[in-house]
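Engineer: Give me a model of this one.
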Amino acid sequence: MVGKAIGHYEHGNTLGRGRYSKYKETTDTQSGTKWAVKMVLKESVAKHDIEKTFKREIAFMRSLQRDVEERSTLPS
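Structural biologist: Residues are numbered from 1 along each chain as shown. Now for the predicted structure:
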């Protein structure tokens, strides 16, 4: 993937677009792990007063991650 690098993450193709954001294919160059990353312009958040919406979304995604981590530690 060739794209813009931020730290050890390299952003490549755009996977999709939303009203205030876009989703980019991202690779951790140290581990090779691929992610879909939501990129939001700070100006959009301020201009459209959607900070609460994104905070709820972040809290929801964190709860999903905790659930996945808890399930992975359960005995089979």
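
Engineer: Residues contacting the helix or strand bottoming out on mean pLDDT in the chain, please?
Structural biologist: One helix or strand of the chain scores below all others by mean pLDDT, DSSP states H and E: helix 42-48, with a mean of 79. Helix 42-48 is contacted from outside by 20-21, 50-51, 54, using C-beta atoms under 8 Å, 6 or more residues apart in numbering. (Glycine included, C-beta is placed from N, CA and C.)

Engineer: Out of those residues, list just those in strands.
Structural biologist: Using DSSP state E, the members of these that fall in strands are Ser21.

Engineer: Any chance of the backbone angles for the residue positioned nearest the centre of the chain?
Structural biologist: Centroid-nearest residue in the chain: Val37, 3.2 Å away (criterion: C-alpha atoms, centre = their mean). Backbone torsions for Val37, taken as degrees, to the nearest 10, come to phi -120, psi 130.

Engineer: ok, Gly32 to Ile50 distance?
Structural biologist: 34 Å (C-beta to C-beta, to the nearest Å).

Engineer: Could you list which residues are in contact with the nearest residue to Leu41 once chain neighbours are set aside?
Structural biologist: Nearest residue to Leu41, sequence neighbours excluded (C-beta to C-beta, 6 or more residues apart in numbering): Tyr20, at 7.0 Å. Tyr20 is in contact with 40-41, 44-45, 48, 50, counting by C-beta under 8 Å, 6+ apart.

Engineer: Neighbour count: Gly32 and Ile50, which is higher?
Structural biologist: Neighbour totals were compared for Gly32 and Ile50, and Ile50 leads with 16 against 7 (other C-beta atoms under 10 Å).

Engineer: Now do the same for Gly7: its pLDDT.
Structural biologist: Gly7 is assigned a pLDDT of 90 by the prediction.

Engineer: Measure how buried it is and give me the count.
Structural biologist: Quick note: Gly7 (other C-beta under 10 Å) scores 8 neighbours.
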